[in-house]
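[1] I'd like to go over a predicted model; first the sequence, then the structure.
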Amino acid sequence: MRTSMFRSVESALRRARCFSSESSPKRKVAVLGAAGGIGQPLALLMKLNPLVSQLSLYDIAGTPGVAADVSHINTRSEVAGYMGEDQLGQALEGCDLVIIPAGVPRKPGMTRDDLFNINAGIVKSLCTAISKYCPNALVNMISNPVNSTVPIAAEVFKKAGTYDEKKLFGVTTLDVVRAKTFYAGKAKVPVADVNVPVVGGHAGITILPLFSQATPKGSNLSDEEITALTKRTQDGGTEVVEAKAGKGSATLSMAYAGAVFADACLKGLNGVPDIVECSYVQSNITELPFFASKVRLGKNGVEEVLGLGSLTDYEKQGLESLKPELLSSIEKGIKFANQD
Ligand code: NAI
């Protein structure tokens, strides 16, 4: 009896030691666009993550202040700020994970695709630097239009000979975060327990929440309620853009979502089992070359792209309708990356 009690205390201590910050592997994480609306709260949240040992904050302006500020927080990681292109190499060298929220956000009346002209160029140049300075890092792409910026990144890495499809992720976690929140409210279940897969892409109708697979099951939702929840999830970004009335798009909820996804990637790298998140990745679960679905994360990034599971007729219809738009965004990205 006593022996078994000691044994269980000992194993609890061993587990605690195993997951304590000091014994978790050293991980360097960079945020590119760290002085922006998303970048700043994301830098804060990554500073709070005990899995990070070095936090590298890069932007074209404003990073010394953000880095000095965040660096005073008494958590594990050492923080360094880098500003301007000549410091980009140093910011990236040795990174395990690079998170990219660099670029311009939407204003009311704009679609994510309207950002293409500016953000595509930013993403192309940042990914060129990644292929040079940290070709083995996982890349979490936040910059919009994600449906195109991820294919751009893939093409840049292919040209540089560093592409590993297991390491490139479009961050769609905010769609999942929104679907969970909206579903919990309607189904009257505790939001902390909710899971809802969101598949497809990250823009308008390409965002397809699968409420038929939502757990836990709460009050029965009518077809009209499911349609309304789907539309609200698809338009969640626009809801924020309009409420901010010209002062940008989602930054705080996006920083939270980005931090959740980055944490999952780090846990995967560290060998924590059964880490599953939705993400927009190279995929063959549909005929589209990139697609968001549940992904199992592991020591090399994507360990397995999981299938869609069974869909209702409404979801099947949503899936078919999103394909042409998603394909054209993918093709636009590939074309851009390969011009000149
Ligand atoms: P912001 O304008 O507040 O910040 C962007 C930052 O990027 C600025 O600090 C700017 O100096 C920096 N930047 C510009 N060019 C750069 C370069 N070449 N290298 C490094 N940094 C550079 O914009 P915000 O609100 O932070 O949004 C950033 C991006 O995230 C936008 O493209 C936006 O559409 C996207 N976004 C994505 C979401 C998603 O779910 N994936 C959700 C919300 C926004």
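    Nice, I can see it. Residues are numbered from 1 along each chain as shown.

[2] from the middle of its chain, how far away would the one helix or strand residue 262 maps to be?
    Element membership of residue 262, judged by DSSP states H and E, is helix 252-269. Chain-centre distance of helix 252-269: 6 Å, with CA atoms, centre = their mean, to the nearest Å.

[3] in it, what counts as buried?
    Buried residues in helix 252-269, counting neighbours by 16 or more other CB atoms under 10 Å, are found at 253-269. Placement of C-beta: from N, CA and C, glycine included.

[4] who are the packing partners of it?
    In terms of contacts (3 or more CB pairs under 8 Å, 6 or more residues apart in numbering; DSSP states H and E), helix 252-269 is packed against helix 39-47, strand 97-100, strand 138-141, helix 173-187, strand 275-282, strand 290-298, strand 301-305.

[5] ok, which of those comes nearest residue 56?
    strand 97-100 (8.7 Å; CB to CB).

[6] packing partners for whichever helix or strand comes after that closest one?
    With elements assigned by DSSP H and E, the helix or strand that comes after strand 97-100 is helix 116-133. Using 3+ CB pairs under 8 Å, 6+ apart, the elements in contact with helix 116-133 are helix 88-92, strand 97-100, strand 138-141, helix 146-160, helix 313-338.

[7] try 6 Å this time
    For helix 116-133, the packing partners by 3 or more CB pairs under 6 Å, 6 or more residues apart in numbering; DSSP states H and E come out as helix 88-92, helix 146-160.

[8] so residue 112 makes contact with residue 146?
    No. Applying CB atoms under 6 Å as the test, residue 112 and residue 146 come out as separate, 7.5 Å apart.

[9] and the gap between residue 72 and residue 154?
    In this view, residue 72 and residue 154 are 38 Å apart by CB to CB, to the nearest Å.

[10] swap that for residue 201, please
    14 Å.

[11] and these two? which has more neighbours close in?
    residue 201 (31 against 25; other CB atoms under 10 Å).

[12] follow-up on the earlier one: export the helices and strands packed on helix 116-133 to TSV and tack on distance to the ligand and mean pLDDT?
    TSV is the format used below for these (distance: least, CB to the nearest ligand atom, whole Å; pLDDT from 0 to 100):
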stretch	distance to the ligand	mean pLDDT
helix 88-92	8	98
helix 146-160	5	98
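
[13] pick the most deeply packed of those helices.
    Across the helices and strands packed on helix 116-133, the average number of neighbours (mean count of other CB atoms under 10 Å) peaks for helix 146-160, which reaches a mean of 24.

[14] what's the distance between that one and the middle of its chain?
    16 Å.

[15] quick one: it to strand 290-298, angle?
    70 degrees (axes from the mean of the first three to the mean of the last three CA atoms, to 10 degrees).

[16] quick one: helix 146-160 to helix 313-338, angle?
    Using the same axes, to 10 degrees: helix 146-160 against helix 313-338 is 40 degrees.

[17] before we move on, the earlier item: any idea which of the helices and strands packed on helix 116-133 gets closest to residue 244?
    That would be helix 146-160 among the helices and strands packed on helix 116-133, by CB to CB, at 19.4 Å.

[18] list the helices and strands the helix or strand following that closest one packs on?
    The C-terminal neighbour of helix 146-160 among helices and strands, as given by DSSP H and E, is strand 168-170. If contacts are counted by 3+ CB pairs under 6 Å, 6+ apart, strand 168-170 sits against strand 138-141, helix 146-160, strand 275-282.
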